[in-house]
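Trainee: Please work out how this folds:
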Amino acid sequence: MVSRRLQPGYDYLLNRKLASLWHELTDSCLEPDLNQFISAALELGFTQRVASAIGSQIIARLLIQTGRPLADLRESDLQDLLNACDIRQMRTGRGARHYRSTTHSARQILFHLGILDIEARPAVTPLTLDERMADVPATLRPAFVAYLQRKRATCVAKTVSSLATRLAHFGRYLAAIDPDIASLSALDRRRHIEPFIASLTTTVNTVTGEPITVADRIRRVHAVGNFLADITEWGWDDAPARRLIFRTDLPRYLPVDADRKLTAALSDSPYRLAADALLVQRACGLRIGELLDLELDCIHEIPGQGSWLKVPLGKLDSERMIPLGHVSQ
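Mentor: Residues are numbered from 1 along each chain as shown. Model (predicted):
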């Protein structure tokens, strides 16, 4: 496929992971085009990982199937790929949301390269914070919006958007159980907070129709807890008079016995590279992306302070150092 001698069709290309693409790409006729695409993506601010993902998921498939160079790709080629995604979804039920989002990014990059004449339209038109908090009781809505506007000063836009989603869930819950609540200071642990936390065990994901994950439950509780704690610390007039959410309110990802079994299984696993990586991740609290981005010289010896693990730039656009004294060698 990378030598342009085989064009298997999108029915094949959309049903196979091209796991060895970057290895097979070396010295192939597709390599210069993909290198050019990724360089342009990096210029636009995409990370190396995201640029590579768009290149392998969208551009490589277009180059393989069309048999044309990058400079000759057209909007119709992107549409053919998306139409094939629709056909696959009708046939198998497998959605194509990730293909659509990466195709939108691919359009941006191709326009930047001058290959497409029309700039990609925004994937969605974002709602204002007031619109996103529309279902929050009217008496509480200004506080919700003001808090989110304040968070814009210290958080990236995506973080604020995720926070808005979680706080909107809490606001809708309050509107359902106590629509006449007058202020955040009127929140009561037993009347409002405990029932909200209990309701999360049966809350359904509107996309999948399945109960929300434990991770999502934790994120929603964290969002509300940080919201109330922040406005109390900031001295807002309508802040609750006492702390309402505690560490013990967070559900565990795994029961204690299951967690111990998992740790033991990783310790005994014959697949040492993957098992050791996961043990390091668990011990150091790394995101999976941070684990994958660790560099060969990530262990630093600091005189008088022992060994430290340097975690590179990640989601929060900041580096950090983790002491390894508590991590088993």
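
Trainee: Low-confidence stretches in this structure?
Mentor: The chain contains residues with pLDDT under 70 at 120, 122-125, 314-318, 325-329.

Trainee: Give me the domain ranges for it.
Mentor: 10-112, 129-249, 256-323 (automatic domain parsing).

Trainee: Off-centre distance for the first one?
Mentor: Going back to what we said before, that points to domain 10-112. 20 Å (CA atoms, centre = their mean, to the nearest Å).

Trainee: now swap in the last one and tell me
Mentor: Put simply, domain 256-323 sits 20 Å off its chain's centre (CA atoms, centre = their mean).

Trainee: Can you show me the helices along the stretch 51-200 of the chain?
Mentor: With DSSP state H, counting those that start in this stretch as the definition, the stretch 51-200 of the chain shows helices at residue ranges 60-66, 75-92, 97-112, 129-132, 141-151, 157-177, 194-199.

Trainee: closest to residue 235 out of these?
Mentor: helix 141-151 (12.8 Å; CB to CB). Using the backbone N, CA and C atoms, a C-beta is placed for each residue, glycine as well.

Trainee: Pull the residues that contact that closest one.
Mentor: Helix 141-151 is contacted from outside by 129-130, 133-134, 136, 159-160, 163-164, 167-168, 171, 184, 227, 230-231, 236, 238, using CB atoms under 8 Å, 6 or more residues apart in numbering.

Trainee: now swap in stretch 31-40 and tell me
Mentor: 2, 25, 48, 51-52, 54-55, 59-60, 63, 69-70, 109-110, 112-113.

Trainee: run the last query once more with 6 Å
Mentor: 25, 51, 55, 59, 63, 69-70, 109, 112-113 (CB atoms under 6 Å, 6 or more residues apart in numbering).

Trainee: Stretch 278-288 too?
Mentor: Contacts of stretch 278-288 (CB under 6 Å, 6+ apart): 266, 291, 309, 322, 327.

Trainee: Check stretch 181-195 too.
Mentor: 137, 139, 143, 174, 238, 240, 244.

Trainee: got the phi/psi numbers for the second one?
Mentor: Recorded main-chain torsions at residue 139 are phi -70, psi -20, according to degrees, to the nearest 10.

Trainee: now, the most widely separated pair of the contacts of stretch 278-288?
Mentor: 266 and 322 (18.8 Å).

Trainee: in the stretch 201-329 of the chain, which spans are helices?
Mentor: 214-233, 256-268, 272-284, 288-292.

Trainee: Longest strand in the chain, please.
Mentor: With secondary structure taken from DSSP state E, the chain has its longest strand at strand 306-311.

Trainee: Listing partners with orientation, what would you give for that strand?
Mentor: With DSSP bridges as the test, strand 306-311 is paired with strand 299-302 (antiparallel), strand 320-323 (antiparallel).

Trainee: Adding distance to residue 97, write those out as TSV.
Mentor: Below are the strands paired with strand 306-311 laid out as TSV (distance: least, CB to CB, whole Å):
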stretch	distance to residue 97
strand 299-302	39
strand 320-323	32
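
Trainee: returning to that earlier point: identify, out of the helices of the stretch 51-200 of the chain, the most deeply packed stretch.
Mentor: Comparing these by mean neighbour count (mean count of other CB atoms under 10 Å), helix 60-66 comes out on top with a mean of 21.

Trainee: Which neighbouring elements make contact with it?
Mentor: Counting contacts by 3 or more CB pairs under 6 Å, 6 or more residues apart in numbering; DSSP states H and E, helix 60-66 packs against no other helix or strand.

Trainee: Adjust the sequence numbering to begin at 54 for everything that follows.
Mentor: Sure thing, new numbering starts at 54, so read that last one as helix 113-119.

Trainee: neighbouring contacts of that helix?
Mentor: Counting by CB under 6 Å, 6+ apart, 54, 60, 66, 74, 83, 86, 126, 130 sit against helix 113-119.

Trainee: Go again with 10 Å.
Mentor: 54-57, 59-63, 65-67, 69, 71, 74-75, 78, 82-83, 86-87, 90, 107-108, 121-123, 125-127, 129-131, 133-134, 137, 152, 156, 159, 163 (CB atoms under 10 Å, 6 or more residues apart in numbering).

Trainee: Filter those down to the buried ones, ChimeraX style.
Mentor: The following ChimeraX line selects those of the contacts of helix 113-119 that are buried, judged by 16 or more other CB atoms under 10 Å:
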select :54,55,63,66,67,71,74,78,83,86,87,90,107,108,123,126,130,131,134,137,152,156,159,163
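
Trainee: thinking again about what came up before, looking at the contacts of stretch 234-248, which two lie furthest apart in space?
Mentor: 192 and 297 (17.7 Å).

Trainee: quick one: which of these two has more around it?
Mentor: residue 297 (20 against 16; other CB atoms under 10 Å).

Trainee: if we can go back for a sec, and the helices of the stretch 104-253 of the chain as a markdown table, adding distance to residue 330?
Mentor: Below are those laid out as a markdown table (distance: least, CB to CB, whole Å):
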| stretch | distance to residue 330 |
| --- | --- |
| helix 113-119 | 27 |
| helix 128-145 | 32 |
| helix 150-165 | 24 |
| helix 182-185 | 38 |
| helix 194-204 | 33 |
| helix 210-230 | 26 |
| helix 247-252 | 33 |
